[in-house]
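>>> For reference, the sequence and a predicted model appear below.
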Amino acid sequence: MHPVALVGAAAGRLAHYAVSGVVGALIVKSAAKRLPEAKPAARKAVVGGLVGGIVAGRWLASAAEEARLKAGDVLAEARTSLGEEVPPPSAVATEGNAHDHEH
């Protein structure tokens with residue numbers, strides 16, 4: 001699968017989870033206003049929704065990193081097939097950095 005497709009799929013899932021979480025929270029809030037005794041259950045449901053969002057966010061970060069690494073591997077292979085020397089990932093050029101302010 002193409003790395004851009006992976007990132008797009010991950011972004012779609014993230015949007016789905018975000019919308020689901022917001023809608024769920026709104027439903028729970030409206031139910032809590034109508035039924036004051038339901039507040040502990042509503043809080044538990046909201047916490048459960050947030051847990052799901054955190055887990056989904058971690059999974060998406062992992063998937064995005066994996067896609068980035070795979071894209072780098074494909075790019076390196078393409079450069080090698082052209083006869084270019086591929087720099088190692090840790091070789092970062094720092095010259096020419098216009099950093100004019102004081103720290």
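Here it is on my side, so go on. Only a predicted model underlies this, so the values are computations on that prediction, with no experimental measurement involved.
>>> Could you use CA atoms for every contact and neighbour count after this?
Will do.
>>> which of the residues in stretch 52-68 are buried?
Across stretch 52-68, burial judged by 16 or more other C-alpha atoms under 10 Å covers 53, 56-57, 60, 63-64, 67.
>>> wait, I meant stretch 40-50
42, 46, 49-50.
>>> re the thing from before, any idea which of the buried residues of stretch 52-68 is closest to V19?
Comparing the buried residues of stretch 52-68 against V19 with C-alpha to C-alpha places G53 closest, at 10.5 Å.
>>> Now do the helix or strand containing the closest one: distance to the chain's middle.
Under the criterion of DSSP states H and E, G53 resides in helix 39-81. Its chain's average C-alpha position is 4 Å from that of helix 39-81, according to C-alpha atoms, centre = their mean, to the nearest Å.
>>> Packing partners of the worst-scoring helix or strand of the chain on mean pLDDT?
Lowest mean confidence among the helices and strands of the chain (mean pLDDT, DSSP states H and E): helix 3-34, at a mean of 76. The contact analysis (3 or more C-alpha pairs under 8 Å, 6 or more residues apart in numbering; DSSP states H and E) places helix 3-34 against helix 39-81.
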